[in-house]
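Participant: Just to be clear, the model below is a prediction. Sequence and coordinates:
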Amino acid sequence: MKYCLPVVLGLFLCGTVAAQDHSAHTQAKPATLMQGYGNLHHPVSTDNTQAQQFFDQGFRQIYAFNHDEAARSFQRAADLDPKLAMAYWGVRGCWTQLQRSRERRPFRSGSYSHTEGD
């Protein structure tokens, strides 16, 4: 009986969390063309110049380690030209890299010393 209140309270809290609408938080902002990432150009199989611009921007953003923005740029290129396979390659590569970076544990200062065992 003494565990009944915590169990009921826990179920209630889980239900309120599950009932929340998270769709507004997951909508990504649309990509826009930006300046300051250089002029790297990688020609891809599209006749849509704007899709090519967004692809190039995503490619440059990967080299700038800005994977969130790169994924948005590649997705915008794919939206402009749905047959542009390289845009989907870029989106997948960005999200794979983001997942890997989240899985890595942060380096803790002092957790390893090169003099250990000497």
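Facilitator: Okay, I see it.
Participant: which outside residues touch the longest helix seen in the chain?
Facilitator: When the chain is parsed with DSSP state H, its longest helix is helix 85-103. Here helix 85-103 makes contact (Cβ atoms under 8 Å, 6 or more residues apart in numbering) with 44-45, 51, 54-55, 58-59, 62, 67-68, 70-71, 73-75, 77-78, 81. No exception for glycine: its C-beta is placed from N, CA and C like everyone else's.
Participant: from the residues you listed, which would you call buried?
Facilitator: Neighbour-count burial (16 or more other Cβ atoms under 10 Å) is assigned, among those, to 44, 51, 54-55, 58-59, 62, 67, 70-71, 73-75, 77-78, 81.
Participant: Among those, name the ones in helices.
Facilitator: Counting by DSSP H, the buried ones among the contacts of helix 85-103 contribute 51, 54-55, 58-59, 62, 67, 70-71, 73-75, 77-78 to helices.
Participant: Please report how far residue 50 lies from residue 80.
Facilitator: 6 Å (Cβ to Cβ, to the nearest Å).
Participant: neighbour count winner among the two?
Facilitator: More crowded of residue 50 and residue 80, by other Cβ atoms under 10 Å: residue 80, with 18 against 13.
Participant: leaving aside the residues next to it on the chain, what's closest to the more buried one?
Facilitator: Excluding its sequence neighbours, the residue lying closest to residue 80 (Cβ to Cβ, 6 or more residues apart in numbering) is residue 51, at 3.9 Å.
Participant: close enough to count as contact, the one you found and residue 83?
Facilitator: No: taking Cβ atoms under 8 Å as the definition, residue 51 is not a contact partner of residue 83, at 9.7 Å.
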